[in-house]
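Novice: This is a predicted model, with the sequence first.
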Amino acid sequence: MLQEELERRGIPKIGLPMQEPEREARREEIRQILRREFYGFAPEFPLTDESEIVRTEENSFGGKGTTYEIEVRVRSPFAYTSFPATLTVPKGMEKPPVFLCYTFTPTIADGLGEEILDNGYAVASLYYEGIAPDKDDQFANGAGRFCRRNPYDSWGKIAIWAWAGSRLLDFLLRSGLCDEKRVAVVGHSRLGKTALFAGAMDERFSLVISNDSGAGGAALLRGKTGEKIENLAMKGSRFWFCGNMEKYVKKEEELPFDAHFLAGLVAPRHLYVASASEDDWADPKAEFLCCVAAGEAYESYGVNGLAAPDRFPEPGEAFLDGRIGYHLRKGTHYMGREDWKQFFVYRRMHDV
Ligand code: GCU
């Protein structure tokens, strides 16, 4: 039934060969397509990582954690940028697995941070507007200034925020403070798009969690209801993408990819997509179908993508067995306690 639904919507195949080096060549081609046509290219010149811990708080979260305030500093031969981040490690844990969490606020909320620590994870928080403001500023501020702009394929804000996540990851991996093999990247909504793009492009993330990310995130664009490319192209969000994105307004069927190409780049690593049943703007069906379609990428590695019955999920259902996890929370657009609970269960189940 679901495969027929994909066909009905005209969803293209990813086309990943089963063997190397052909498979990697196709993956590279997909990365190029996604950057050129939708998200934009990040700087490709050599970078120096000058990030540092600028302050340490020994007893954060009521004594449960140690918090390191990090100044992420990146230098290129042509430019320099810096932005703040934090890492909180649970007391008494050596090299814990981490959630790299994109946040809408400068610090992680107390309750959420505590919950993450109590579950045995460190949390690195990255405030997205500390990287580059979420407004059409002609890329004049923060990391937006870091590489030259063109109106076609240079980075939009999602690619900028994602790039910044990779620069924080550079620091985390060399800090010796966390488990280098188990770093998850997570975000909600526009930051769910960002987390998915970051995790698709950077294979050092072991798990990618995209919550209610909708159009430009985990939702298939062909046949999508709610937000469409024409909405993404409006003034409040067009700068999240590169200029070429606007070619596809009302022309979804001409896209040389769909959201499962992005999701499929996470293969064979773990991917988790979360939807909310009343999130019509994001379109939970389109997010679920993306997980189904991305299964093709996992199969090319001989592993299982989504393990789910051949029908749309009911509100409250979760499918946690495959390399692609999925749940449909009852309720509206939000990343809350119930979502996090499933992320913890999934991570523990898959030790990722
Ligand atoms: C708007 C936008 C969405 C986005 C959301 C958010 O609704 O249209 O694409 O995901 O904001 O980030 O909250």
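Specialist: That came through, no problem.
Novice: Confirm for me that residue 335 is in contact with residue 274.
Specialist: Yes: in this structure, residue 335 is within contact of residue 274 by CB atoms under 8 Å, at 7.4 Å. Bear in mind the C-beta positions are built from the backbone N, C-alpha and C, glycine included.
Novice: So if I had to pick from those two, which one is more boxed in?
Specialist: Taking other CB atoms under 10 Å, residue 335 and residue 274 do not tie; residue 274 has more neighbours (29 against 23).
Novice: could you pull out the strands for the stretch 201-350 of the chain?
Specialist: 207-211, 270-276, 318-319, 324-329 (DSSP state E, counting those that start in this stretch).
Novice: of those, which approaches the ligand most closely?
Specialist: strand 207-211 (10.0 Å; CB to the nearest ligand atom).
Novice: Give the pairing partners of that closest one; include direction for each.
Specialist: strand 183-188 (parallel), strand 270-276 (parallel) (DSSP bridges).
Novice: With mean pLDDT and distance to residue 299 added, can I get those in a markdown table?
Specialist: Below are these laid out as a markdown table (pLDDT from 0 to 100; distance: least, CB to CB, whole Å):
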| stretch | mean pLDDT | distance to residue 299 |
| --- | --- | --- |
| strand 183-188 | 98 | 23 |
| strand 270-276 | 99 | 14 |
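Novice: would you turn these into a markdown table with distance to residue 60?
Specialist: Output for the strands paired with strand 207-211, formatted as a markdown table (distance: least, CB to CB, whole Å):
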| stretch | distance to residue 60 |
| --- | --- |
| strand 183-188 | 20 |
| strand 270-276 | 27 |
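Novice: out of the ones you listed, nearest to residue 305?
Specialist: The closest of the strands paired with strand 207-211 to residue 305 is strand 270-276. By CB to CB, the value is 8.2 Å.
Novice: rewinding a little: tell me the most buried of the strands of the stretch 201-350 of the chain?
Specialist: Compared across the strands of the stretch 201-350 of the chain, strand 207-211 shows the largest average neighbour count, a mean of 30 (mean count of other CB atoms under 10 Å).
Novice: hmm, back to that, tell me which of the strands paired with strand 207-211 lies nearest to residue 129.
Specialist: Minimum separation from residue 129 across the strands paired with strand 207-211 (CB to CB) falls at strand 183-188, 13.2 Å.
Novice: dump the residue contacts of residue 334.
Specialist: Contacts of residue 334 were listed using CB atoms under 8 Å, 6 or more residues apart in numbering, and they are 188, 212, 276.
Novice: Does the second one touch residue 273 like I think?
Specialist: No: counting by CB under 8 Å, no contact exists between residue 212 and residue 273, whose distance comes to 9.3 Å.
Novice: Show me whatever sits in contact with both of the two.
Specialist: Contact criterion CB under 8 Å, 6+ apart; residues shared by residue 212 and residue 273: residue 287.
Novice: Thought residue 63 was touching residue 57, still the case?
Specialist: No: counting by CB under 8 Å, residue 57 stays clear of residue 63, with 10.7 Å between them.
Novice: ok, back up a step: which residues do residue 335 and residue 274 both contact?
Specialist: 211-212.
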